[in-house]
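**Q** build me a model:
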Amino acid sequence: MPKMKTKKAATKRLKTSATGKILRTQGGKSHLNGYKSRGRKRNLRGITLADDSFSKTAARMLQGN
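**A** Numbering: from 1, shown residues only. Prediction:
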């Protein structure tokens, strides 16, 4: 059986935490920022946990690592 390849787009966008949960960056900061408040943009920094419904799919995409 051939090796399972990692989805390269997923490796660039997702990370796995030490406990095995999927981490993602928050969207909504790359354009149309003029009307968004400073606090709203500040809160979009950093990383957050991916939704449980997406975690199984994301784990399969990262499985080749």
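
**Q** which phi and psi does the residue nearest the centre of the chain have?
**A** Most central in the chain under Cα atoms, centre = their mean is residue 24, positioned 2.2 Å from the mean C-alpha point. Per-residue torsions, residue 24: phi -140, psi 160 (degrees, to the nearest 10).

**Q** beta-bridge partners for it, please?
**A** residue 14, residue 48 (DSSP bridges).

**Q** when you give positions from now on, start the count at 392
**A** In the new count, where the first residue is 392, that last one comes out as residue 415.

**Q** that one reaches residue 452, doesn't it?
**A** No. Taking contact to mean Cβ atoms under 8 Å, the distance of 11.9 Å between residue 415 and residue 452 leaves them out of contact. The C-beta positions use only the backbone N, C-alpha and C, and glycine is treated the same way.

**Q** overlap in contacts, the two.
**A** Here residue 415 and residue 452 have residue 405 as joint contacts, going by Cβ atoms under 8 Å, 6 or more residues apart in numbering.

**Q** in contact with the spatially closest residue to residue 441 that is not a sequence neighbour, which residues?
**A** Ranked by Cβ to Cβ, 6 or more residues apart in numbering and with sequence neighbours excluded, the top spatial neighbour of residue 441 is residue 413, at 4.1 Å. When contacts are counted by Cβ under 8 Å, 6+ apart, residue 413 is found next to 405-407, 440-441, 445-446, 449-450, 453.
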